[in-house]
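Undergrad: just to be clear, the model below is a prediction. Sequence and coordinates:
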Amino acid sequence: QVQLVESGGGLVQAGGSLRLSCAASKDTFNGKTLAWFRQAAGKEREFVAGLWWRGDSVALADSVKGRFAISEDNTQNTVNLQMNSLKPEDTAVYYCAARPGGIFIPRSMATYGVWGQGTQVTVSS
């Protein structure tokens, strides 16, 4: 099955930007829904954004609308999360996840069967 590898995390000041990427190994993203979740220290993992690979469906959490964007790069075979206007409360480990695709983007982590190892994003005030 597909394996997911995240990259692009780091330390940034409030108001700055970061771009996370999720790459596939051992398979492709064809027919899959890809999502980004995040987990802050002491909190539950929460949905951030998702898309249906080569489908026409995208979803964003209300907390990141207007600041974050999720996109697919068909040439690089990656799913990217562009994060702008970052806030200290965006600090978390960000995870890429995959599941069978469809027009509806599930926001429950329980429905995603494949996960990456996570990448740390730290936003300083």
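TA: Noted; the coordinates are in hand.
Undergrad: with adjacent residues omitted, what lies nearest to the most centrally placed residue in the chain?
TA: In the chain, the C-alpha closest to the average C-alpha coordinate belongs to residue 36, at a distance of 2.2 Å (Cα atoms, centre = their mean). Spatially, and ignoring its direct neighbours in sequence, residue 36 is nearest to residue 48 (4.3 Å; Cβ to Cβ, 6 or more residues apart in numbering). Where you see a C-beta, it was placed from the backbone N, CA and C, and this is true even at glycine.
Undergrad: and that neighbour, its phi and psi?
TA: With angles defined as degrees, to the nearest 10, residue 48 sits at phi -110, psi -50.
Undergrad: would you list every one of the strands in the protein?
TA: 3-7, 10-13, 18-25, 32-39, 46-52, 58-60, 68-73, 78-83, 92-100, 114-115, 119-124 (DSSP state E).
Undergrad: tabulate those strands (a markdown table), appending distance to residue 108.
TA: Below are those laid out as a markdown table (distance: least, Cβ to Cβ, whole Å):
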| stretch | distance to residue 108 |
| --- | --- |
| strand 3-7 | 18 |
| strand 10-13 | 28 |
| strand 18-25 | 19 |
| strand 32-39 | 10 |
| strand 46-52 | 8 |
| strand 58-60 | 12 |
| strand 68-73 | 17 |
| strand 78-83 | 19 |
| strand 92-100 | 10 |
| strand 114-115 | 13 |
| strand 119-124 | 21 |
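Undergrad: pick the most buried one from the ones you listed.
TA: strand 32-39 (a mean of 24; mean count of other Cβ atoms under 10 Å).
Undergrad: related to what we said a few turns ago, could you dump the strands of the chain into TSV with mean pLDDT and distance to residue 107 added?
TA: Output for the strands of the chain, formatted as TSV (pLDDT from 0 to 100; distance: least, Cβ to Cβ, whole Å):
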stretch	mean pLDDT	distance to residue 107
strand 3-7	94	18
strand 10-13	98	25
strand 18-25	94	17
strand 32-39	97	8
strand 46-52	98	4
strand 58-60	97	7
strand 68-73	96	13
strand 78-83	97	15
strand 92-100	97	11
strand 114-115	96	15
strand 119-124	98	19
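Undergrad: alright, that wraps it up for me.
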